[in-house]
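Enquirer: structural data only, the sequence is not supplied:
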């Protein structure tokens with residue numbers, strides 16, 4: 001360990017005695033945690049974890065609980081607090097614990113024990129603790145390996161609790177804090193980690209004023225001008241307690257002049273970014289960056305290109321990471337790169353460096369964002385690593401910036417947030433630019449009338465994204481960008497693409513929508529992996545059966561599809577077909593059956609046409625099926641894919657109850673029946689129906705009034721979403737139901753009066769009830 005790193009660790013070393021007196025927003029969490037620690041019903045040794053990003057208050061909460069009166073009473077004789085850190089040294093941790101739990105040990109005995117080997121200390125601790133009910137806090141554990149190392153967990157026995165912290169059936173508890181959710185689950189898979197939340201706006205202000213206005217108890221006495229400045233600064237902290245405490249402490253030392261506070265506000269990022277002590281926000285967050293494995297660091301740095309508070313589509317993020325080359329084929333192995341980058345994203349989420357904004361019904365991250373201060377860290381690190389130039393972030397196009405100094409000539413990546421016409425008009429001196437991303441912010445229309453400069457100035461460009469920016473036309477010179485891997489043109493208003501895009505032999509991703517027509521040159525782009533082209537207006541022939549590397553094909557029409565030899569698409573895993581459907585059923589079924597790697601299929605027909613008769617039982621890998629459009633008849637059970645786990649039906653206009661067929665699908669986990677999928681009044685699920693189903697969503701079924709569930713049906717159902725007026729009988733017999741979402745769209749239907757009574761009859765002690773009033 002370097003000298004500076006050792007100094008940082010020593011500065012951050014926590015003790016339970018220095019309890020924070022100003023604690024805001026943790027009362028509920030503390031009460032829940034205390035209950036878990038002293039709960040008498042479970043006498044097994046349990047590991048309870050606090051998980052959250054750096055600076056969110058894990059150690060503060062742990063101290064509050066450790067010194068709680070009820071906890072002190074429950075563990076009167078055997079408690080210990082040990083600081084672990086990134087540089088995990090079991091011997092040091094054992095000695096910290098021994099000195100606290102062996103209070104009768106004399107100084108000479110302690111000196112003798114310090115001569116013992118690590119394993120001898122571990123054995124001593126085990127013997128001392130095995131007959132006791134103990135509480136041990138392990139603060140700041142960074143990896144599963146560190147936990148195994150400390151607890152001496154046997155790698156050959158996954159059920160082994162470890163040889164150092166014994167389970168004597170005395171109700172012992174270990175409380176650990178960590179930034180990584182996987183560490184918490186690894187330490188005790190039976191316990192649900194307590195994930196720390198950012199403070200609300202009011203909680204943030206309460207914490208700030210108690211730190212900043214030391215001499216002002218009465219809120220009405222706060223200087224109004226400073227209150228306004230303070231609230232603006234607190235908003236920039238985005239609920240991160242450490243940032244608020246640092247800011248409040250800084251301003252408490254100011255002598256209250258308005259000019260001093262305004263100076264801090266105008267340079268708030270610089271003040272929060274100081275790394276002069278253990279309390280510096282960036283110092284704390286930087287530890288998370290240091291801990292990243294090498295394959296995650298470029299992914300994290302790439303997040304710096306996105307604007308502040310920007311909601312990021314994970315689909316787009318995955319495609320950009322692949323195009324950047326962050327995932328190598330040998331890293332992906334047998335799985336696709338899309339699967340690998342999703343693993344990378346989840347790792348960053350579990351490390352609390354990315355915040356989840358929206359998840360899919362099957363618990364996959366759909367949208368995410370980055371906390372402002374984490375983004376600031378990414379920007380700082382990106383500059384240190386020469387990941388991009390120094391002027392390519394946060395609107396460099398100010399009037400004070402000369403045209404010749406907009407960007408460093410060594411710049412590899414640029415992101416442009418505003419004044420795009422000016423950016424297009426200036427002289428560019430970044431010949432080695434690899435990535436150029438434009439972002440539309442706010443409601444104002446962003447427009448670039450001429451794009452010729454891109455082909456002229458950036459010859460080695462690999463990524464070009466213009467999503468949301470109004471573009472009049474795409475010039476033919478774009479076809480000279482032979483290194484281009486990613487071309488994002490979604491929501492640009494483009495109607496035509498130049499035939500020269502067929503020259504983009506390195507292109508892996510083309511993302512465009514609402515074109516009048518797609519030029520029949522795509523077949524030339526042999527490296528194409530992800531092709532999105534939804535919303536074509538004119539359907540002309542489109543050859544794609546030369547694309548052996550194609551993994552995602554979205555937006556091709558039924559007519560275009562049937563004109564291709566699908567057996568040549570040997571890598572296709574996701575397919576979305578749309579438009580008017582006039583193809584013959586057997587021929588269409590055969591074209592789908594030839595796709596041996598297909599996992600996801602989406603069929604969307606125009607209102608006046610129908611989904612053809614299908615038989616997909618030969619599609620062994622197809623697990624997700626979405627059908628939006630009229631069906632003459634629902635498929636029979638044996639015609640569905642054998643391994644189907646997720647099914648969505650919409651606008652199918654079925655007049656017969658689909659449940660007798662669907663309930664027999666053995667592997668179905670999620671079923672969504674949306675608007676006009678069913679036009680009848682009642683559905684019935686028989687006993688033993690849906691043996692694996694976990695999510696059932698019945699949305700906008702305007703004619704349906706009753707769902708009857710027989711005893712023994714849907715035994716694993718967790719989520720039930722339906723209209724508030726739907727009468728559901730038998731739901732009280734669902735043993736695993738934990739979430740009920742009731743949607744009410746108008747007063748057209750009478751409210752089912754038994755809902756309140758029904759909820760009281762549920763057998764589970766905890767459930768989540770959501771009201772969605774649209």
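Expert: Looks like it arrived, so ask away. Since the structure is predicted, the reported quantities are computational estimates derived from the model, not experimental observations.
Enquirer: for residue 139, helix, strand, or coil?
Expert: What DSSP: H, G, I helix; E, B strand; the rest coil gives for residue 139 is strand.
Enquirer: need the contact list for it.
Expert: Residue 139 is in contact with 14, 59, 62, 81, 82, 83, 84, 176, 177, counting by CB atoms under 8 Å, 6 or more residues apart in numbering. To be clear about C-beta, it is placed using only N, CA and C from the backbone, and glycine gets the same treatment.
Enquirer: now the last one: closest residue in space that isn't a chain neighbour?
Expert: Setting aside the residues directly before and after it, residue 177 is nearest to residue 58 in space (CB to CB, 6 or more residues apart in numbering), at 4.0 Å.
Enquirer: please check the contacts of residue 139 and keep the buried ones.
Expert: Buried by 16 or more other CB atoms under 10 Å: 14, 59, 62, 81, 82, 83, 84, 176, 177, out of the contacts of residue 139.
Enquirer: of those, closest to residue 714?
Expert: residue 176 (36.9 Å; CB to CB).
Enquirer: three-state assignment of the closest one?
Expert: Following three-state DSSP, residue 176 is assigned to strand.
Enquirer: identify the residues contacting it.
Expert: 47, 48, 49, 50, 137, 138, 139, 141, 147, 183, 184, 187 are the contacts of residue 176 under CB under 8 Å, 6+ apart.
Enquirer: and the helix or strand where the second one lies, what other elements does it pack with?
Expert: If you go by DSSP states H and E, residue 48 is part of strand 46-51. Contacting strand 46-51 under the criterion 3 or more CB pairs under 8 Å, 6 or more residues apart in numbering; DSSP states H and E are the following elements: helix 27-38, helix 58-66, strand 173-178, helix 181-187, strand 194-195.
Enquirer: may I see the buried residues of the helix or strand just after the shortest one?
Expert: Along the chain past strand 194-195, the next helix or strand (assigned with DSSP H and E) turns out to be helix 201-212. By neighbour count, and taking 16+ other CB under 10 Å as the criterion, the buried residues in helix 201-212 are 203, 204, 205, 206, 207, 208, 209, 210, 211, 212.
Enquirer: between those, which is closest to residue 516?
Expert: residue 204 (49.7 Å).
Enquirer: now the residue nearest to that closest one when sequence neighbours are not counted: how far from residue 556?
Expert: Spatial nearest neighbour of residue 204, chain neighbours left out: residue 234 (5.0 Å); criterion: CB to CB, 6+ apart. In this view, residue 234 and residue 556 are 50 Å apart by CB to CB, to the nearest Å.
Enquirer: just for the stretch 1-150 of the chain, where's the confidence low?
Expert: Along the stretch 1-150 of the chain, segments meeting pLDDT under 70 span 1-25, 40-41, 103-111.
Enquirer: what's around residue 456, how many residues?
Expert: If you count neighbours by other CB atoms under 10 Å, residue 456 ends up with 12.
Enquirer: quick check, pLDDT for it.
Expert: Note on residue 456: pLDDT of 84.
Enquirer: with residue 464 instead?
Expert: Per-residue pLDDT puts residue 464 at 95.
Enquirer: parallel or antiparallel, list what pairs with the helix or strand where it lies.
Expert: Per DSSP H and E, residue 464 falls inside strand 463-465. According to DSSP bridges, strand 463-465 forms sheet pairs with strand 435-438 (parallel), strand 486-488 (parallel).
Enquirer: let me have those in JSON lines, extended by mean pLDDT, mean neighbour count and distance to residue 475.
Expert: Output for the strands paired with strand 463-465, formatted as JSON lines (pLDDT from 0 to 100; neighbours: other CB atoms under 10 Å; distance: least, CB to CB, whole Å):
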{"stretch": "strand 435-438", "mean pLDDT": "91", "mean neighbour count": "22", "distance to residue 475": "15"}
{"stretch": "strand 486-488", "mean pLDDT": "97", "mean neighbour count": "24", "distance to residue 475": "13"}
